[in-house]
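> Below is the sequence, then the predicted model.
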Amino acid sequence: MEKYFFIAFFVIFAIWYLSYSATRLDRLHHRVETSWANLDGLLQRRAAVALEIAKSEIADPASSLLLTAAAHQARDAQMSARSQAESGLSGALGLLLSDGHLVNGSIEKDLLRELSELTDKIRIAIALHVDAVNRTQMVRAKAVFRIFRLAGRAPLPVTYEFEADVL
Amino acid sequence: MTLKSLRIGLVCPYGWDTPGGVQSHIRDLAEYLISKGHFVSVLAPVINEENIPEYVVSAGKPIAIPYNGAVARVLFGPIAFARVRQWVSNGNFDLLHLHEPAIPSISLLACWAAEGPMVGTFHAAAKRQKAIFAIGPILEPVIEKLTARIAVSEAARQTLTEHLETDAVVIPNGIYADRYRDGEVLDKWSGNTIGFIGRFEEPRKGLSVLVSALPIIARFAPDVRVLVAGPGDHKGVIDEIDPQLRHRFEFLGRISEIEKADFLSSIAIYVAPNTGGESFGIILAEALAGGATVLASDIPAFDSLLGRGQYGALFKSEDSQDLAKVAIDLLRDSQKRKDLSRKGKDYAQRFDWDVVAEDIYSIYEMAMVGSSGVTLSSENRAWNRFLGREGN
């Protein structure tokens, strides 16, 4: 009799544990989605600011052309090519701003300040997103999660390769 | 911070009415956020419920347990858990900010009980501890629920990566830099004076290192005086000092914020000989903001706070001869002192609450993207998903 109690207890515990683990994983997937939504929004805003900079007095015609192309590419990129396109935009912006020429006019100054604020935020957003992705990948690699297919049909999140040094 | 006003819940793991770095950080942050028009509620263990500020909610009386080389006043257990759940469900918060969620106290309970945007701040820096590895598997799924993690220093971040394999954004502790900016130089504290602020009875604050360095310093700087400010009984400490040097020590007791500003402007060198257990070193940030020339032990927290010696001099921790050598160099070279203190004062502005709270707030914003507030956690979300119900 005692044996059956023990088995019943074990089965109930196992079911609880699986349910708990599935909940945990679902929460992680949710975190990946929201952190990506946040990062995506910030990147879109950066592309918009880059376009404005390209049209402003800050950029000479050549860098303006480069910047416009990079910003459009970043906006239109498919998911798989996204990080490359964003790095391209970072590069173009870096190139333009690195020579440190003086900027006059309040509109231009506002633009540059907005850009630097966005850059700070993007850096944090990348860290948050990468952390969520790594966590999810780590949890999904565990035996329990694989054997019982706790991830269901959710796609495995991919790390967003960002060249952080450019930013 | 011009966005809509938020309902923010802060959780303090340690007894609210016992002094400590985490508590004063939470108090300052809460008051700053309130002054910006947000609704803030702080849940904390409280010993005496009579004189707590309006924004603090008591979670019960704390229990004293030994932790990380000191006595920590924490709170856990079923009654505390029920109170935490009640606070979370009644608070209707947009966001929870949990402090030290990795230690067994109400922050951990709140992290367990709630769901939604949660930010965790990790203060402690500790060496690798086997105990934390042992409870890691239990802690991991809970800590995972945090939307964003903040570490107060590089050292705290490293502790977090080692113990829980997760990364964090470094945002330093805040100080009210303008309180220390305009201290007056007072004659009674100026001259060849070495200042020390802190609970000097605690061995890890390292006053004994300074005491044993003094004979050497006094040989080269005959008029040197040591001014010790901070609460505590100084009789025990005086007995340990060489009788010939006793008259060089002056114990000021606890000093007010205004006196502190004057103190920091007047003294020649501020010495922080701490031997360890320090994660950030808020007092060093204050000393820099007050325009003092800082000399500190090279423990990791101080080393990184002082930018590897850029904004203040360093000596080898627990090495009183090295302390004496660097102190004598500084006392003799007033130009170097002036350079260091000027650089340090500029640098300390980045620890001002205006800067720090702005950074914390931008983390809040990111954590809240696409969420509809904090709710009690349900362990059924996987089932809801499975059965096609809408749930979050």
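Ah, there it is.

> so how far is stretch B:16-33 from its chain's centroid?
9 Å (C-alpha atoms, centre = their mean, to the nearest Å).

> Just the C-alphas of it, formatted as CSV.
C-alpha atoms of stretch B:16-33 as CSV (Å, rounded to 0.1, in the frame of the first residue of the first chain):
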residue,chain,number,x,y,z
TRP,B,16,14.3,49.6,7.5
ASP,B,17,15.3,51.2,10.8
THR,B,18,18.8,49.7,10.9
PRO,B,19,21.5,51.7,9.2
GLY,B,20,23.0,50.3,6.0
GLY,B,21,24.0,51.2,2.5
VAL,B,22,21.1,49.3,0.8
GLN,B,23,18.5,51.0,3.0
SER,B,24,19.8,54.5,2.5
HIS,B,25,20.0,53.8,-1.3
ILE,B,26,16.3,52.8,-1.3
ARG,B,27,15.3,55.7,0.8
ASP,B,28,17.1,58.2,-1.4
LEU,B,29,15.7,56.6,-4.6
ALA,B,30,12.1,56.5,-3.2
GLU,B,31,12.3,60.2,-2.2
TYR,B,32,13.7,61.1,-5.5
LEU,B,33,11.0,59.3,-7.4
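
> Let me know how buried residue 117 is, in neighbour terms.
I went with chain A, as the question did not name one. Using other C-beta atoms under 10 Å in any protein chain shown, residue A:117 has 13 neighbouring residues. C-betas here are computed from N, CA, C, even on glycine.

> hm, I was asking about chain B
Residue B:117 has 25 nearby residues by other C-beta under 10 Å.

> mind listing what's buried in stretch B:301-316?
Residues of stretch B:301-316 classed as buried by neighbour count (16 or more other C-beta atoms under 10 Å in any protein chain shown): B:301-306, B:311-315.

> Those residues in strands, which ones?
Here DSSP state E is the test, and those give B:313-315 as lying in strands.

> Quick one: those residues as a markdown table, columns for distance to chain A too.
Formatted as a markdown table, these follow (distance: C-beta to the nearest C-beta, whole Å):
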| residue | distance to chain A |
| --- | --- |
| B:313 | 31 |
| B:314 | 29 |
| B:315 | 34 |
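
> CSV please, covering the residues you listed and showing pLDDT.
Shown next, in CSV, are these (pLDDT from 0 to 100):
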residue, pLDDT
B:313, 93
B:314, 94
B:315, 94
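
> Enumerate every residue touching the residue lying closest to residue B:21 once chain neighbours are set aside.
In space, and not counting its chain neighbours, residue B:21 is closest to residue B:282: 5.9 Å by C-beta to C-beta, 6 or more residues apart in numbering or on different chains. By C-beta atoms under 8 Å, 6 or more residues apart in numbering or on different chains, residue B:282 lies in contact with B:21, B:24-25, B:173, B:175.

> which regions of chain A sit below the pLDDT cut-off?
A:99-102, A:160-167 (pLDDT under 70).

> Show me what from it comes close to chain B.
Within chain A, the residues that sit near chain B (C-beta under 8 Å from any C-beta of the partner chain) are A:19-20, A:22-28, A:30-31, A:33-35, A:37-38, A:41, A:120-121, A:124-125, A:127-128, A:130-131, A:135, A:138-139, A:150, A:152.

> Apply the buried test to those and list what passes.
Looks like these have A:19, A:22-28, A:30-31, A:34-35, A:38, A:121, A:124-125, A:127-128, A:130-131, A:135, A:139, A:150 buried, using 16+ other C-beta under 10 Å.

> need the contact list for whichever residue of the stretch 201-350 of chain B sits closest to chain A.
Here the stretch 201-350 of chain B gets closest to chain A at one residue, residue B:350, 13.0 Å apart by C-beta to the nearest C-beta. Listed by C-beta under 8 Å, 6+ apart, the contact partners of residue B:350 are residue B:172.

> now residue B:65, what's its secondary structure?
Assigned by DSSP: H, G, I helix; E, B strand; the rest coil, the conformation of residue B:65 is strand.

> in the sheet, who's paired with it?
residue B:72 (DSSP bridges).

> Would you map the helices across the stretch 51-200 of chain B?
B:78-91, B:106-113, B:130-143, B:154-164, B:177-181 (DSSP state H, counting those that start in this stretch).

> tell me the most buried of those?
Neighbour counts (mean count of other C-beta atoms under 10 Å in any protein chain shown) averaged over each of these peak at helix B:106-113, with a mean of 25.

> could I get that one in PDB with only the CA atoms?
Taking Å, rounded to 0.1, in the frame of the first residue of the first chain, the C-alpha atoms of helix B:106-113 are listed here in PDB:
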ATOM      1  CA  ILE B 106      11.200  39.600   1.200                       C
ATOM      2  CA  SER B 107      12.700  40.700  -2.200                       C
ATOM      3  CA  LEU B 108      13.100  37.100  -3.100                       C
ATOM      4  CA  LEU B 109       9.600  36.400  -1.900                       C
ATOM      5  CA  ALA B 110       8.200  39.300  -4.000                       C
ATOM      6  CA  CYS B 111      10.100  38.000  -7.000                       C
ATOM      7  CA  TRP B 112       8.500  34.600  -6.400                       C
ATOM      8  CA  ALA B 113       5.000  36.000  -5.900                       C
END
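
> May I have the phi/psi pair for residue A:59?
Dihedral pair for residue A:59: phi -90, psi 140, per degrees, to the nearest 10.

> cool, residue A:12 as well?
phi -60, psi -40.

> and it, how many neighbours?
That count, for residue A:12 with other C-beta under 10 Å as the rule, works out to 10.

> Are any of the contacts of residue B:282 buried, and if so which?
For the contacts of residue B:282, buried by 16+ other C-beta under 10 Å: B:21, B:25, B:173, B:175.

> my guess is the first one meets residue B:121, correct?
No - the pair formed by residue B:21 and residue B:121 falls short of the contact definition of C-beta atoms under 8 Å, at 11.7 Å.

> hang on, the earlier thing: what about the residues of chain A next to chain B, which are in helices?
Assigned to helices by DSSP state H, the following of these qualify: A:19-20, A:22-28, A:30-31, A:33-35, A:37-38, A:41, A:120-121, A:124-125, A:127-128, A:130-131, A:135, A:138-139.

> what residue ranges in chain B are flagged as low confidence?
B:1-3, B:68-69, B:128-133, B:379-392.

> Quickly list the domain ranges of it.
For chain B, the structural domains run B:7-174+B:353-386, B:178-349, going by automatic domain parsing.

> May I see these organised as CSV, with distance to residue A:105 added?
Output for the domains of chain B, formatted as CSV (distance: least, C-beta to C-beta, whole Å):
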stretch, distance to residue A:105
domain B:7-174+B:353-386, 26
domain B:178-349, 27
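
> No further questions, thank you.
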